[in-house]
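> okay, structure incoming, though there's no sequence with it:
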């Protein structure tokens, strides 16, 4: 839950965090605390305004009473945008059968695309489980990143998911080994916010977005999701967009039932390009979520890409290369497409224009026109670059 800061009287000296607090603030703080999932750390996230980037601070409370005090303290500050309890965020994978083919590059016409743009020099932030720094198919394409899971260490990948995502975007083409990425001359800025199990919290995701923007990312890929929105995440995304950064998010892997799908964040935040997944047969994958946050679709099933040396057993992957499926794999194809267009436009590139072109040049599938399963259709980099 998120709230806007309220103006209150000064703090009471009592040890009771609710002592002397007016009823409206008391009720709001209690509601925020109630959003903490049982068993999760009581991590209070406060988002405040500054003259530049939003400031996202966190504090872990040892008790619910202490957490309530932290929430109230945050709400009382005039500069506070909102206060939340951090919640879990995780990777967006499915369990589809594996196929060792890069069918996606064929579908997207990679070799033709590269005659016009390879994404040269564009920095794409991969906010994920980190990236394997020494992978031979990524050598020279990785910038110094940041680790929010184990601060002070390199953003190397202890899961494999982030390395897979990075390869889809930037794996070296025509080097006589492995695979090729769709935008093979981009540079990846790895930001580790998810642990070995592919799980992290919303506060670190938001911090990672702000950090990546301030370090020069022009595209941010978010192959992760949560069913809850929060002030920090929404503010971080808005900051990225205000700085002319294209933000791409996985649409979620909940499938599309009779009642639709749970909203998937960050994809559902305003201005994020939400990406659904298609299979090699051309239809939307059964696991792909549906909703008005789906803007486009892209290859996501049986995608071959780079992998860490010791991937998490849950991925079912060998070292070095692996085939995975999910909207996590679809999003980086769209992120790569954005990088291709930004490189082509140069300093004239505007994030809103790039997003619009990706959508308007997509191949319509399914119901005619926009639909909540495939969005505007499957991305078409060839047509996009011709505009």
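Yep, that arrived. All of these numbers come straight from a predicted model, not from anything done at the bench.
> wait, what's in contact with the closest residue to residue 322 other than its chain neighbours?
Closest residue to residue 322 apart from its sequence neighbours, by Cβ to Cβ, 6 or more residues apart in numbering: residue 307 at 4.2 Å. All C-beta spots, glycine's among them, are computed from the backbone N, C-alpha and C. Applying Cβ atoms under 8 Å, 6 or more residues apart in numbering, one finds that residue 307 lies in contact with 132, 160, 163-164, 167, 315, 317-322.
> report pLDDT for the residue nearest to the spatial centre of the chain.
Centroid-nearest residue in the chain, with Cα atoms, centre = their mean: residue 222, separated by 1.4 Å. Each residue has a pLDDT score; the one for residue 222 is 98.
> kindly report the same for residue 152.
86.
> are we agreed that it is in a helix?
No - judged by DSSP: H, G, I helix; E, B strand; the rest coil, residue 152 forms no part of a helix; its state is coil.
> quick check: it vs residue 193, distance?
As for residue 152, its distance to residue 193 is 15 Å (criterion: Cβ to Cβ, to the nearest Å).
> got it, and residue 288?
Relative to residue 193, residue 288 is positioned 23 Å away (criterion: Cβ to Cβ).
> who has more neighbours, those two?
Neighbours were tallied for residue 288 and for residue 193 using other Cβ atoms under 10 Å; the higher tally belongs to residue 288 (32 against 29).
> can you confirm the more buried one is in a strand?
No - the assignment for residue 288 is coil, going by three-state DSSP, so no strand is present there.
> so which residues of the stretch 1-150 of the chain form strands?
Ranges of strands in the stretch 1-150 of the chain, per DSSP state E, counting those that start in this stretch, are 42-48, 55-61, 80-85, 88-91, 123-128, 146-147.
> and the last one, which strands flank it?
For strand 146-147, sheet partners with direction are given as strand 187-192 (parallel), following DSSP bridges.
> distance between the partner strand and the chain's centre?
Computed by Cα atoms, centre = their mean, to the nearest Å, the separation of strand 187-192 from the middle of its chain amounts to 12 Å.
> how about the helices in the stretch 1-150 of the chain?
Counting by DSSP state H, counting those that start in this stretch, the stretch 1-150 of the chain has helices at residues 23-34, 64-76, 103-107, 110-113.
> show me how far the second one is from its chain's centre.
Read that as helix 64-76. Relative to the mean C-alpha coordinate of its chain, helix 64-76 is positioned 29 Å out (Cα atoms, centre = their mean).
> the strands of the stretch 1-150 of the chain: lowest mean pLDDT?
Within those, the least confident segment by mean pLDDT turns out to be strand 88-91, at a mean of 86.
> where does the stretch 101-250 of the chain have low pLDDT?
Low-confidence regions of the stretch 101-250 of the chain, defined here as pLDDT under 70, cover residues 101.
> which parts of the top helix by length along the chain are buried?
For the chain, the helix that runs over the most residues, judged by DSSP state H, is helix 327-345. Judged by neighbour count (16 or more other Cβ atoms under 10 Å), helix 327-345 contains these buried residues: 327-344.
> from the contact counts, what lies against it?
When contacts are defined as 3 or more Cβ pairs under 8 Å, 6 or more residues apart in numbering; DSSP states H and E, helix 327-345 sits against strand 123-128, helix 161-170, strand 219-222, strand 246-250, strand 273-278, strand 296-299, helix 351-360, helix 381-385.
> who's the closest residue to residue 162 other than its chain neighbours bridged to?
Of all residues not flanking residue 162 in the chain, residue 128 sits nearest, at 3.3 Å (Cβ to Cβ, 6+ apart). Partner residues in beta bridges with residue 128, using DSSP bridges, are residue 192.
> residue 128 contacts residue 161, correct?
Yes - the pair residue 128 / residue 161 is scored as a contact, 6.0 Å apart, by Cβ atoms under 8 Å.
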